[in-house]
Every structure is written in structure tokens, then in C-alpha cells.
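Asker: Turn this into a structure:
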Amino acid sequence: MSLAEIKDAVAQNLTEDGILPKIQAELRAAVFHSLNKRGFTKQNHPHRQPPAVNPRLSEYLQTQNGRLTFSLVREFLEHFELEFTTSVLVPESGQTSAAFMGREALSRELPTVNASPNEPLLASLVPSDGRPSTARYNWTDGPFGHCATAVDSCVC
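Answerer: Numbers count the residues shown, from 1 in each chain. Now for the predicted structure:
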């Protein structure tokens, strides 16, 4: 077996075991934190994409829908223990842990979201056939109420 074949076999095994993707995610998070810590911004490095919060995101996260959406995404990441992805999401979004509602608070805020403890709350918004379903989520209530009359053509 050649050195290249051994390298490929090891990389494949580490990928299949989930070790390599976890290390890659940890490295991405460390790079992001390092750049952020050193003040890497679009102003002082205009040719590169900055890790700083963009104004459109910041404005959206000030709304109730923005906070709910952010919290649903973060609850999804935490449900699947995607710690390194979360460690990039939080500072990149400019949100603090205090801005995160958590599963119980989201369930109170969105009482029509009905997810089993074995799935993230976000999953209850997407039925198994991929189309909005009033059986799993009452689209006339909550932040998506404006979609109730035209679910198929809604641009929420």
C-alpha cells in the first residue's frame, strides 16, 4: 500500500467516524475567533469578507421574528451538539447568550410548534413532505400568521 493510499484511507476513516469534520469545524471556529479578536474588519481589509456583523442581519435580529428565527436556528445547532458551529454563529451574528431564548422559552413563545423531545423545534415547522402543514403548525398563529391565506405563494 502506498503512502497516498494510506493517507486516503485514514482520511476516509476519520471522516466516516465524524472526527475529521469536527476538527475542521473547530479549526474554522478558532480562525474566526482569531480574526475577530485581532479586529479583522472590512474597513481595514476591504478585499476580504469580514467576520463582523452585517447591518441587515443586525437590523433583522432586533425584530421579534429575527429573535425567534435566531433562537430556532441556535436550538437546532444545540440539539445536534454542533458546538463549533454555534461558537461561530454567536459572535458572527453579534448576539449574546442572553439573546437566545432556549427550547422552553421558544415553546412558550410559539405554542403551536409541536416537536418531540427527540427532534429540534425547527423540524416541527417542516412536515415530512416538505410542504407547510396546519396539522403540525398552525400557520394562522404566531409570527407566520400573514402566510395563512396563501401558504403556497408566501414569500415569508
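Asker: Check the gap between A99 and T69 for me.
Answerer: 12 Å (Cβ to Cβ, to the nearest Å). Every residue, glycine included, has its C-beta placed from N, CA and C.
Asker: where are the low-confidence patches of the chain?
Answerer: 36, 40-53, 130-156 (pLDDT under 70).
Asker: neighbouring contacts of stretch 19-38?
Answerer: The set of residues that contact stretch 19-38 without belonging to it, under Cβ atoms under 8 Å, 6 or more residues apart in numbering, is A11, L14, T15, P51, A52, L82, F84, T85, S87, V88, P91, E92.
Asker: buried set for that stretch?
Answerer: Across stretch 19-38, burial judged by 16 or more other Cβ atoms under 10 Å covers A25, A29, F32, L35, N36.
Asker: Save these as a markdown table, and put in secondary structure and distance to V113 too.
Answerer: Shown next, in a markdown table, are those (DSSP: H, G, I helix; E, B strand; the rest coil; distance: Cβ to Cβ, whole Å):
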| residue | secondary structure | distance to V113 |
| --- | --- | --- |
| A25 | helix | 27 |
| A29 | helix | 29 |
| F32 | helix | 30 |
| L35 | helix | 35 |
| N36 | helix | 32 |
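Asker: chain center to stretch 13-30, what's the gap?
Answerer: Centroid separation for stretch 13-30 versus its chain: 18 Å, with Cα atoms, centre = their mean, to the nearest Å.
Asker: Using PDB, write out every CA atom in that stretch.
Answerer: The C-alpha coordinates for stretch 13-30 follow below in PDB (Å, rounded to 0.1, in the frame of the first residue of the first chain):
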ATOM      1  CA  ASN A  13     -12.000   6.600   8.200                       C
ATOM      2  CA  LEU A  14     -11.700   9.800  10.200                       C
ATOM      3  CA  THR A  15     -14.400  11.400   8.000                       C
ATOM      4  CA  GLU A  16     -16.700   8.400   8.500                       C
ATOM      5  CA  ASP A  17     -16.200   8.400  12.200                       C
ATOM      6  CA  GLY A  18     -17.000  12.100  12.300                       C
ATOM      7  CA  ILE A  19     -13.600  13.100  13.700                       C
ATOM      8  CA  LEU A  20     -12.200  15.000  10.700                       C
ATOM      9  CA  PRO A  21     -15.400  17.200  10.200                       C
ATOM     10  CA  LYS A  22     -15.300  18.000  13.900                       C
ATOM     11  CA  ILE A  23     -11.600  19.000  13.800                       C
ATOM     12  CA  GLN A  24     -12.300  21.100  10.600                       C
ATOM     13  CA  ALA A  25     -15.200  22.800  12.400                       C
ATOM     14  CA  GLU A  26     -13.100  23.500  15.500                       C
ATOM     15  CA  LEU A  27     -10.300  24.900  13.200                       C
ATOM     16  CA  ARG A  28     -12.800  27.200  11.400                       C
ATOM     17  CA  ALA A  29     -14.200  28.400  14.800                       C
ATOM     18  CA  ALA A  30     -10.600  29.100  16.000                       C
END
